[in-house]
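1. just coords:
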């Protein structure tokens, strides 16, 4: 029986936190990539956002997002970004022991087209501020993706017990 | 993650550039759910649609939530002749994708629900959609046909159907 989902790499943040999570040397032997993240940052806020870069490249990222906060739905977009917002983390002011959760799916990551991908994420924490969102993103680069780096946008550290899992998905 | 036992590729097709249609036939009823991943589509599609079991009757409905730039919207369409799986794409440039989940697809008692997330590209700006659809048929899904609604699928467009087992 084929193994469709293969865990390529994972990261669990230890005491003291880390400034980023970097998956490197990603082989090109899969069809798609999937990253699942449970994350909390040290941002002095209830919610933080997660940025990603591919191949340590800091240009040509864009996204469109729709999100709800329990009262309103809003949409926004941005282009020419140095990284791309891809989901929510709970910040340091969120309810204790809560983590934002997100996943993003990158099809045809080793192909020669620009890279489009889908993300969804939540920051529910049983408090006043929380978000759920869906993102369409683009890295305007035709290179095969060989590394994925996650960084907090507002905070400087991912906090202890944050986790990230990178899967390779085969389609045959 | 012992996913090999629970998540299997059933079939994958890479378009050759000369057809507006891709069909998966003879889908086994041996899974719990199906997942259809469509990616690397760069052709100018126009409401890419799915029909199930060759049913082109007015038996499909959908509710859509969409974000495009700073515009958000929601729409509802009943008695449609196909399921949306991807909205109009006017750029024909950057690749677009969708992921659709067909829940409890092989039962012969209930209508079939489909959840889709998709992203399209309208003149160079991405838009993102979440969509809930229903096919009003109690038949087990045995075939899925995807139609571009416009031009031929580009050479290299990828269509993969996965089966998910709960046990």
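-> Perfect, thanks for sending it. A quick note: this is a predicted structure, and the numbers were derived from the prediction, not measured.
2. quick one, strands of chain B?
-> For chain B, the strands defined by DSSP state E occupy B:7-14, B:21-24, B:33-41, B:48-52, B:60-68, B:71-80, B:83-86, B:96-103, B:112-122, B:125-135, B:144-147, B:158-164.
3. list the buried residues in the second one.
-> Okay, so that is strand B:21-24. B:22, B:24 (16 or more other CB atoms under 10 Å in any protein chain shown). Placement of C-beta: from N, CA and C, glycine included.
4. and that strand, how far out from the chain middle?
-> 11 Å (CA atoms, centre = their mean, to the nearest Å).
5. hmm, residue B:55 is touching residue B:135, no?
-> Yes. Residue B:55 is in contact with residue B:135 according to CB atoms under 8 Å; the separation is 7.4 Å.
6. can you list the residues of chain B near chain A?
-> Contact residues (CB under 8 Å from any CB of the partner chain) of chain B with chain A: B:1, B:3-5, B:7-9, B:12, B:37, B:39-40, B:42, B:65-72, B:94-97, B:99, B:117-121, B:125-128, B:130, B:156, B:158, B:160, B:162.
7. run the last query once more with 7 Å
-> B:1, B:3-5, B:7-9, B:12, B:37, B:39-40, B:42, B:65-72, B:94-97, B:99, B:117, B:119, B:125-128, B:130, B:158, B:160, B:162 (CB under 7 Å from any CB of the partner chain).
8. give me the buried entries from those residues.
-> For these, buried by 16+ other CB under 10 Å: B:3, B:7-9, B:12, B:37, B:39-40, B:42, B:65-68, B:72, B:94-97, B:99, B:117, B:119, B:125-128, B:130, B:158, B:160, B:162.
9. which residues touch residue A:131?
-> Listed by CB atoms under 7 Å, 6 or more residues apart in numbering or on different chains, the contact set of residue A:131 reads A:47, A:67, A:69, A:88, A:122-123.
10. give me the pLDDT value at the residue nearest the centre of chain A.
-> Note on chain A: the residue nearest the mean C-alpha position is residue A:86, at 4.7 Å, using CA atoms, centre = their mean. The model reports residue A:86 with a pLDDT of 92.
11. now the one 5 residues further on
-> We have a pLDDT of 96 for residue A:91.
12. neighbours around it, how many?
-> Per other CB atoms under 10 Å in any protein chain shown, the neighbour tally for residue A:91 reads 24.
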